[in-house]
Structures are given as structure tokens and as C-alpha cells.
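Engineer: okay, structure incoming, though there's no sequence with it:
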């Protein structure tokens, strides 16, 4: 055979190989882009799944969502802290009110004319004025907690409804758990009958222990 027979065959095979190479070359970028998109979608799905797992773990750590009643009430720890601060306010205002009452008594009764020959209620005027001055100091001492409580209420007027609701519940707890004061004695006094010293959960537990100790000493026979 002559070369004329093989030449067209070789050219046709060469052209077919070139077209196949071009097709593969054009197809390769498309496949690579699809692969990249698939990888990105998988990574995005994995990231979303990881975020969902983290949110679930956080929700489990925080516990169940608070109910409507819990959202509209103060936690006991916060309430007892507020109650402790209220007692501090009353004490802080009582001191200056007592001093103010004593100073007012001295300013008024110290300027009064005294005649030793004219007793008041058959008592020396000096004694009467001194007792009246001490009475002014005592009046200031009694008014101190009232004034301090009113000042404290003004500072906490936004949460007074929640505090008053907890006050009622706290009073019910105190009445339910406190001891009978009729069994007290000199060696076994009633421990904080009104619960005024309770200012935290720890002090409340201590108050309960003191009540139990009082009951054991008052009603159980000693060994």
C-alpha cells in the first residue's frame, strides 16, 4: 500500500485526538468548580451543624427557660440582699435622726428659763428639761427607721410590687418556721423571732438551725 492511503487516516485520528483533548480541557474547569462548590456547601453545612450543637449545649447548661411567674418575681437571693440593704438604710438614717433629736432638745429646753422655786409636776425643772431632752433623742431614734424606710422605698419604687410580694411570702415562711416564744427561758432565749437579721440564703439556713436548736432545748428532756 502507498502512503496516500494512510495519510487521510492519520489526519482524521489526529483531528479526533485534538477535539477530545479540547473537550477534556474545557470540561476540567467545570468539574473543578463543581467540586469547589460541593466542598463549600459541605463545610457550610458542617459549620451550621456545629453552631446548632453549641447552642443546644448552652441551652442545656442554662436549664429550662424561666416561666412567666418566675420572670415576674424576684429571686430569693436577690430579695434577701435587697432586704439587707433596707435594714442598712434604716440604721444609717437612725443615727443622724437620734443626734438631730438630741440637738433639738438641747436647743429648745436649754434656752428655757428655770426657776428652782417653781417645780414642774413637783419635780425640779432641771430634771424635767433633761428628761425632755432625752425624750427628743428617743423620738429621733424611733423616727429613724421610718424615715430610712421611706427613703429606701423612693429609691426602689420601680420594683416595690415585686419586693412587697416577696415580703408577704417571706413573712409566711417566718411565721411557719419560728418557734413558740412561751417556752423561752434565761438560758434559752428566742433566736431572732421576727427574722430581722436574715440577709442572705446562708443566714436564713442558720436561722432555721437556730429555731431547731431552740425547740430541742425547750421541749426535749436534757440528759
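Structural biologist: Arrived safely, thanks for sending. Note that this is a predicted model, so its numbers are computed, not measured.
Engineer: now do the contacts for residue 104.
Structural biologist: Residues counted as contacts of residue 104 (C-beta atoms under 8 Å, 6 or more residues apart in numbering) are 136, 140. C-beta coordinates here come from the backbone N, C-alpha and C atoms, glycine included.
Engineer: and the pLDDT for residue 210?
Structural biologist: On pLDDT, residue 210 comes in at 92.
Engineer: leaving out chain neighbours, which residue sits closest to it?
Structural biologist: Leaving aside its chain neighbours, residue 210 sits nearest to residue 191 (3.9 Å; criterion: C-beta to C-beta, 6 or more residues apart in numbering).
Engineer: where along this protein do the helices fall?
Structural biologist: Remark: helices assigned in the chain by DSSP state H are 3-62, 68-71, 76-109, 125-155, 160-177, 201-219.
Engineer: tally of neighbours for the residue nearest to residue 210?
Structural biologist: Using other C-beta atoms under 10 Å, residue 191 has 18 other residues around it.
Engineer: least confident of the helices of the chain, on average?
Structural biologist: The weakest mean pLDDT among those belongs to helix 68-71, with a mean of 48.
Engineer: domain parsing for this protein?
Structural biologist: Residue ranges for the domains of the chain, per automatic domain parsing: 78-173, 178-218.
Engineer: contacting residues for residue 129?
Structural biologist: Taking C-beta under 8 Å, 6+ apart, we find residue 129 in contact with 109, 110, 112, 114.
Engineer: let's see 7 Å
Structural biologist: Contacts of residue 129 were listed using C-beta atoms under 7 Å, 6 or more residues apart in numbering, and they are 109, 112, 114.
Engineer: what distance do you get for it to residue 92?
Structural biologist: 30 Å (C-beta to C-beta, to the nearest Å).
Engineer: quick revisit: of the contacts of residue 129, buried ones?
Structural biologist: Among those, those classed as buried by 16 or more other C-beta atoms under 10 Å are residue 109.
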